[in-house]
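Visitor: Show me how the following folds:
(2 chains)
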There are 2 protein chains.
Amino acid sequence: MIEDALRQSLPANWDVPASLRESMDYSLMAGGKRLRPIMVIAAAEVLGGSLEATMPVAMAIEMVHTYSLVHDDLPAMDNDDYRRGKLTNHKVYGEAMAILAGDALLTHAFFSVAQAHKKFGVPAERVLAITEELSVLAGARGMVGGQAADMLGEQGLTKLEELTYIHTHKTSDLIVFSLRAGGHIAGATEAQLEALSEYGHALGLAFQIQDDILDLIGDETKLGKPVNSDVKQQKVTFPYFIGMEASEQKVLELTNQAKEALLRSSIPNPERLLQIADYLLKRDH
Amino acid sequence: MIEDALRQSLPANWDVPASLRESMDYSLMAGGKRLRPIMVIAAAEVLGGSLEATMPVAMAIEMVHTYSLVHDDLPAMDNDDYRRGKLTNHKVYGEAMAILAGDALLTHAFFSVAQAHKKFGVPAERVLAITEELSVLAGARGMVGGQAADMLGEQGLTKLEELTYIHTHKTSDLIVFSLRAGGHIAGATEAQLEALSEYGHALGLAFQIQDDILDLIGDETKLGKPVNSDVKQQKVTFPYFIGMEASEQKVLELTNQAKEALLRSSIPNPERLLQIADYLLKRDH
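Guide: Model prediction:
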């Protein structure tokens, strides 16, 4: 459902330079777990909201995630040639076009959010709240701040707190956004939104620590990138600070913490979000 | 008024990596004509709207304009070392931080727009319309599309139509946005918004052709960049296609066309916007 919607999320009849359009499509359709759109939809589902109305926001968050990957891969940033087993955007379209495609995807995400009101009648007040939360959680105080700290930290992270800051903002913030956005669309109460935030915050951190672990021990063909690439790039990871076993323990703890936040809440039927937490705990890529 | 508001537009107490924050401030406070915020305010003024309520949107459009300059100046794009007589962002903060500061300014623009509702009570419907128009006019179909065409065109523009496409999207689109946004805040009718668009479209193109001319004949100290820099970079400009005299004539025609669009409309007192058109016609930098 998500793949189909993504394919249609950039209209065919756009009057746009062809290689800009191709560059945007290339990265948007390059696969991935689509975890963030799934979170938007699942959050609306557990609250009995309309799934159809979540789609513009689900598309938006995948556009934001995609733009962040395109920019992160640039030579001036992580300088990666491959992602998910495919050439990175700038290796195919050049650096200038990769920068512009990222800018355009980020900009279009806000267009997509607005369609929740225009096409599906979600009240303008709520859609504007979603817009505002996206700008905070994807911006300087959120994802971009995490990425900046990551860049600066490459000169030598010394504290686990710094790494936690990076993981929280680079990863958890967009997951928190996704869950709250699904909640807003379903008309969640403040307390329910708070529970979704807590779940997203813990699960996002668990997800990122799991990534650190998989990068050390995972299967290259499933990961789509070389195992130990973080070590080779001298990236400081959770296992570097607290060891492999304690890192695995931390993932388990955070996953339980995420699930408990939902079970304690007034969310009527959190089953789907509990399943997702368990699924992520067992993933191998 | 605009300089003061810009200085306060990024809150002092943000928990953000210091050099990201500095990099954002550096370019946002690097001067310039502030033409786009002026257009937002003036459009509300001619319609008798609240000036105070325009400020969040006026700040937003300057953030979008600033991010576009930061990214345009990057080595992979125009590779400029100076802008307005100051070192460009990436020359001071490095390429990675310049990319991220641009991303963060673009993202924060949408936060700023939302404050028109939250702080000044502009109806959510109208603010959402502004959000949507910003995403179109600053995105792939707007400014980013113009920039992409410009990049691609460096391999050799052959038609005046191509240059007009670039000027329209790189420059006119944000000016059209600014005017319509001011109109939305003041509660403009569809016909009034249409007149503002027509004015902005013509004036934006005139402004950009004027830029082409000034770059060939202007005063370096006023321009803040070397005269003839477009020629040295082998940039194709309006005078290149139709000559200097016809270009000057075109600026005059477009300025009159812009003014006439307002005079024909039901906008009660368009004086301020007429003055701005005349002022821009006579500028020397």
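
Visitor: contacts for the helix or strand hosting residue A:38?
Guide: Using DSSP states H and E, residue A:38 sits within helix A:35-46. The contact list for helix A:35-46 (C-beta atoms under 8 Å, 6 or more residues apart in numbering or on different chains) reads A:2, A:50-51, A:53-55, A:57-59, A:61-62, A:65, A:174-175, A:177-183, A:185-186, A:188, A:196, A:200, A:207, A:262, A:267-273, A:276, A:280. C-beta coordinates here come from the backbone N, C-alpha and C atoms, glycine included.

Visitor: Kindly write the ChimeraX command that selects the buried subset of those.
Guide: Typed into ChimeraX, the next command selects the buried ones out of the contacts of helix A:35-46 (criterion: 16 or more other C-beta atoms under 10 Å in any protein chain shown):
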select /A:2,50,51,53,54,55,57,58,59,61,62,65,174,175,177,178,179,180,181,182,183,185,186,188,196,200,207,262,267,270,273,276,280
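
Visitor: Now, the contacts of helix A:35-46 that are in helices?
Guide: A:2, A:55, A:57-59, A:61-62, A:65, A:174-175, A:177-183, A:185, A:196, A:200, A:207, A:262, A:271-273, A:276, A:280 (DSSP state H).

Visitor: For the stretch 1-150 of chain A, which segments count as helices?
Guide: For the stretch 1-150 of chain A, applying DSSP state H, counting those that start in this stretch gives helices covering A:2-7, A:18-28, A:35-46, A:55-72, A:89-93, A:95-118, A:124-137, A:143-153.

Visitor: wait, which of those is closest to residue A:252?
Guide: helix A:35-46 (18.9 Å; C-beta to C-beta).

Visitor: what mean pLDDT does the closest one have?
Guide: On average, the pLDDT along helix A:35-46 is 98.

Visitor: could you check the angle helix A:124-137 makes with it?
Guide: 140 degrees (axes from the mean of the first three to the mean of the last three C-alpha atoms, to 10 degrees).

Visitor: Could you check how far helix A:35-46 is from the centre of its chain?
Guide: Computed by C-alpha atoms, centre = their mean, to the nearest Å, the chain-centroid distance of helix A:35-46 equals 12 Å.

Visitor: List the buried residues in that helix.
Guide: A:35-46.

Visitor: got it, and stretch A:88-99?
Guide: A:88-91, A:93-99.

Visitor: thinking again about what came up before, what's the angle between the helix holding residue A:38 and helix A:173-185?
Guide: Using the same axes, to 10 degrees: helix A:35-46 against helix A:173-185 is 30 degrees.

Visitor: Number of residues surrounding residue A:18?
Guide: 9 (other C-beta atoms under 10 Å in any protein chain shown).

Visitor: between the buried residues of stretch A:88-99, which is closest to chain B?
Guide: residue A:95 (3.5 Å; C-beta to the nearest C-beta).

Visitor: which residues does that closest one contact?
Guide: The contact partners of residue A:95, by C-beta under 8 Å, 6+ apart, come to A:74-75, B:76.

Visitor: I'd like to know how many residues surround residue A:80.
Guide: Using other C-beta under 10 Å, residue A:80 has 18 other residues around it.

Visitor: was I right about it contacting residue A:86?
Guide: No. Judged on C-beta atoms under 8 Å, residue A:80 makes no contact with residue A:86 at a distance of 11.1 Å.

Visitor: for residue A:148, what are its contacts?
Guide: Counted by C-beta under 8 Å, 6+ apart, residue A:148 has contacts A:140, B:16-17, B:19-20, B:97, B:100.

Visitor: Same check on residue A:26?
Guide: Neighbour list for residue A:26: A:89, A:92-93, A:101 [criterion: C-beta under 8 Å, 6+ apart].

Visitor: need these in CSV with distance to residue A:247 and pLDDT, can you?
Guide: What follows is these, written out as CSV (distance: C-beta to C-beta, whole Å; pLDDT from 0 to 100):
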residue, distance to residue A:247, pLDDT
A:89, 31, 98
A:92, 35, 98
A:93, 37, 98
A:101, 35, 98
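
Visitor: Excluding chain neighbours, what is closest to residue A:188?
Guide: Closest residue to residue A:188 apart from its sequence neighbours, by C-beta to C-beta, 6 or more residues apart in numbering or on different chains: residue A:47 at 5.5 Å.

Visitor: what's the distance between that neighbour and residue A:265?
Guide: Separation of residue A:47 from residue A:265 (C-beta to C-beta, to the nearest Å): 10 Å.

Visitor: More neighbours: which of those two?
Guide: Using other C-beta under 10 Å, the more surrounded residue of residue A:47 and residue A:265 is residue A:47, with 23 against 20.

Visitor: wouldn't that one be in contact with residue A:191 here?
Guide: No. Counting by C-beta under 8 Å, residue A:47 does not reach residue A:191; the two are 11.9 Å apart.
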